[in-house]
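[1] Turn this into a model:
(2 chains)
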Number of protein chains: 2
Amino acid sequence: MATSGDPLPSWNDGTLKKDIIAYVEKVTKEGSPDFIPIENRIATFDNDGTLWAEKPYVQELFAFYRVKKMVEANPALAQKQPFKAVVEKDKTFFEKGGDKALIELVAATHTGMTEDEFEASAKEFFAGAQYPGKNVPLKQIRYQPQLELLNYLRANGFKTFIVTGGTVEVVRAISQDFYGIPKDQVVGTSFKYKFDDAKNAVLREPALDHFNDKEGKPVGIQLHIGQRPVFACGNEGGAGDLAMLRYSSGSKYPSFQLIVNHNDSIREYNYQEKDNLSLNTAAKYKYHVISMKDDWKKVFADK
Amino acid sequence: MATSGDPLPSWNDGTLKKDIIAYVEKVTKEGSPDFIPIENRIATFDNDGTLWAEKPYVQELFAFYRVKKMVEANPALAQKQPFKAVVEKDKTFFEKGGDKALIELVAATHTGMTEDEFEASAKEFFAGAQYPGKNVPLKQIRYQPQLELLNYLRANGFKTFIVTGGTVEVVRAISQDFYGIPKDQVVGTSFKYKFDDAKNAVLREPALDHFNDKEGKPVGIQLHIGQRPVFACGNEGGAGDLAMLRYSSGSKYPSFQLIVNHNDSIREYNYQEKDNLSLNTAAKYKYHVISMKDDWKKVFADK
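    Predicted structure coming up:
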C-alpha cells in the first residue's frame, strides 16, 4: 500500500525509520516473496515503557488511588497491610517485598468486586490522574512516535495488540481512547473470574490467573491471538519483553523486532538494566533498537 | 446503515427475521436512544449446534483422527486407555466415563506438542474429513442462515466472535476460512501452555486451563473480549449457552439473545434436552428462538 507524505513525522530520518518503512512495504506488496496475508499481519506492543512512560508505573498510581478510596470508605483498613504501607508512604515495605508485595497490593485493590464496578473505578481514575514529576494528565505520557507507528501499521492492514505485564482491565479502560486499540486486542495479567448467575455479573477473585510478563507473554499471545506476531515492540528496563520478541522472531513470515532504549535523560528518562540483558539480546539476535535520544524528534503526545 | 436487497435470504420471512433486522437497524441508527457505539457492537456465537452440526461433535472426530495417527506412529498405544476404547470402538468406555473420559481423550490427543505441530495436524484433518451420516466435507455442515447472519452483523459494524466449548485451536484452524472470523476472535476451552525458549515455541501441556462451557463462557468472554456481548446466539441441546445469553442480557445497551432449536428431523436432527432447560429459560427471559424447521429456508451451506 502506498502512503502519501511522511507516515512517521515524529521519527528522525535515519536507518531505523528507513528499516521500518522498508519492512512494511515489502511484506504488504502483493506478489512479493515476502508478502504476508492480511490475517497474519499481527503486531504486538508492550505498554509500560513502550507506549507510555513507566517511571512510576500507572498501575501503581491506580493501586494507590484505590487504596485512598478504600480507606475513605473503611478507615480501619489504614492499619492493615498492604494499605498501611501506602497510607504511611512506607517505601521499604515494597522495596523489601518486591514483586510479591506489589502483587499483594494489586490483588487487594483490584479484586473483590464485579467487572462493571471495577471498570467504573478505572475510568474515574484516568479522568483525573496526573503523572508525578511531569504534572500532566496520563494521556500526555504516551509516546507520539509510537502513536504514529501504530497508525502506520494499521493503515497497512496490521492488527495492533497491546501485550502488557499490567492487569488487562486497567489497560482496557483506556486502550481505545489512548491508542485506538479495542478492548479485545489487549492481552494482560489477569485474576481469576467467576460468573455469578444471581447477580448476572463476572466477579474478580483475589487470585492471580496469569502473569503476563517475560515467558508469560508468548503464553498470553497464544491464548488470545492464536498466532505469532510478525511485528513486536518492547523496551529495555526490566527485560520483560524478550520472550515476546523471541517468539515473534520464530514466525514463518519475515518479522521485525523492536526495543525502546530509554537513554534520554533530558526529555524522558535514562535507565538501563544492570546486566544490560535486553540490549545484549537485541545485539545477539539483530533486533532493532530505538534510541529515544536519537530516533525520536519528539517524545510525548500533545493532548 | 441501509442494506439493499434481502440480507438474510435463507431465512423465511416471519417474526424472527423481522425482529433481527429491526434490532440491527435500531441500534445502528445514529442519534437514536438505542444507538450502540461501534466499539461496543460485540456479537458472540457458540459453534457446535449453533454454527455447524454437533451430532457427532467435530472435536470428537478430530480426537479419533489423532488416535489413528498416534497409534500408527506407536502401535503399543492401542493397548492403553483411552486409545484402546477408540481403536476397539468401545462406546461404553465413554458412556460410563462421561465428560471426564472425553476430556482425558482430548488431553491425550491434543497436547504434548508445540502449537505449530498441533496446527499442522488440525489443518490436515480438516482438509480430508467427512461428516458421518451425511458424507460431506465438514465445510458443508455449516448452517447457511447463520453465515448470512454473521455477514449481516459485520456489515453493520458488529465484531463477531466464536465462543465455543470446543478447544480453541481446533476451531481457530478453520474460523477464518469457514466463518470469516479471525483466530483472535475465537474463545474456547484451553490447555496450559508453556514457553520453551530453547525451542522458541509454545508447548501444550496435558492439563486443562479453562473449560469454556456453561458458566465458563462469561468468564472466557471477560478474559478475551473484556465486555458483555450485545448480541449472543447459542443452541438448545446441552444447555451450554445459557450463561452466555444471560450475561449478554445484562448489557447496558439494548441486547438480543437467540437460541437454535434443533427440531428438524428431516433436514438436520431433532433433539431436545430432557428437562427442556434451554427453551424454558428462553421463555422466561424472552430470548428469541430459531425454529430450524420453520425459520430456515435452507439449513446447510453449499460448498
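
[2] For chain A, which residues are neighbours of chain B?
    With the criterion set to Cβ under 8 Å from any Cβ of the partner chain, chain A comes near chain B through A:39, A:42, A:115, A:159, A:161, A:168-169, A:172, A:176, A:182-186, A:190, A:193-195, A:197, A:200-202, A:209, A:215-219, A:222-227, A:243, A:246-247, A:249-250. Backbone N, C-alpha and C define where each C-beta goes, glycine included.

[3] Which of those residues are buried? Put it as a ChimeraX command.
    Typed into ChimeraX, the next command selects the buried ones out of those (criterion: 16 or more other Cβ atoms under 10 Å in any protein chain shown):
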select /A:42,115,159,161,168,169,172,176,182,183,184,185,186,190,193,195,200,201,202,209,215,216,217,218,219,222,223,224,225,226,227,243,246,247,249
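
[4] Which ones among the residues of chain A next to chain B lie within strands?
    Using DSSP state E, the subset of the residues of chain A next to chain B located in strands is A:42, A:159, A:161, A:186, A:190, A:193-195, A:201-202, A:209.

[5] Quick check: the two most widely separated of these?
    The two members of those with the most space between them (Cβ to Cβ) are A:Ile42 and A:Ala201, at 31.8 Å.

[6] and the ones in strands among the residues of chain A next to chain B as TSV, adding pLDDT and distance to B:Pro137?
    Below are these laid out as TSV (pLDDT from 0 to 100; distance: Cβ to Cβ, whole Å):
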residue	pLDDT	distance to B:Pro137
A:Ile42	98	29
A:Lys159	98	29
A:Phe161	98	33
A:Val186	98	37
A:Ser190	95	38
A:Tyr193	94	37
A:Lys194	95	40
A:Phe195	96	36
A:Ala201	94	42
A:Val202	93	38
A:Asp209	94	38
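
[7] buried residues in stretch A:109-122?
    A:109-111, A:115, A:118-119, A:121-122.

[8] now do stretch A:250-264
    Neighbour count says stretch A:250-264 has A:251, A:253, A:255-264 buried, by 16+ other Cβ under 10 Å.

[9] and these, which two are the farthest apart?
    Among those, A:Tyr253 and A:Asp264 lie farthest apart (Cβ to Cβ), at 32.3 Å.

[10] Of the buried residues of stretch A:250-264, just say which sits nearest to A:His288.
    A:Leu258 (4.8 Å).

[11] can you pull the pLDDT of that closest one?
    The model reports A:Leu258 with a pLDDT of 98.

[12] Then A:Ser4?
    63.

[13] now do A:Met113
    Looking at A:Met113, the pLDDT reads 83.

[14] any idea how far it lies from chain B?
    13 Å (Cβ to the nearest Cβ, to the nearest Å).

[15] Please apply the same query to A:Val71.
    A:Val71 is 28 Å from chain B, by Cβ to the nearest Cβ.

[16] was I right about that residue contacting A:Val87?
    Yes - with contact defined as Cβ atoms under 8 Å, A:Val71 counts as touching A:Val87 (6.2 Å).

[17] any common contacting residues for these two?
    Residues touching both A:Val71 and A:Val87 (Cβ atoms under 8 Å, 6 or more residues apart in numbering or on different chains) are A:Ala78.

[18] Please list all residues in contact with the residue in the stretch 201-303 of chain A that chain B sits nearest to.
    Using Cβ to the nearest Cβ, A:Gly226 is the residue of the stretch 201-303 of chain A that sits closest to chain B, at 3.6 Å. Shown in contact with A:Gly226 (Cβ under 8 Å, 6+ apart): B:168-169, B:172, B:183-184, B:186.

[19] of all those residues, which comes closest to chain A?
    Using Cβ to the nearest Cβ, the contacts of A:Gly226 come closest to chain A at B:Lys183, 3.6 Å.

[20] quick one: the helices in the stretch 51-200 of chain A?
    Ranges of helices in the stretch 51-200 of chain A, per DSSP state H, counting those that start in this stretch, are A:58-73, A:83-87, A:91-110, A:115-128, A:144-155, A:168-179.

[21] close enough to count as contact, A:Ile42 and A:Arg228?
    Yes - with contact defined as Cβ under 8 Å, A:Ile42 reaches A:Arg228; the gap is 7.3 Å.

[22] picking up where we left off before, B:Ser291: which of the helices of the stretch 51-200 of chain A is closest?
    helix A:115-128 (34.2 Å).

[23] A:Cys233 touches A:Gly49, doesn't it?
    No - A:Cys233 is not in contact with A:Gly49 according to Cβ under 8 Å; the separation is 10.7 Å.

[24] Please consider this matter closed, and thank you.
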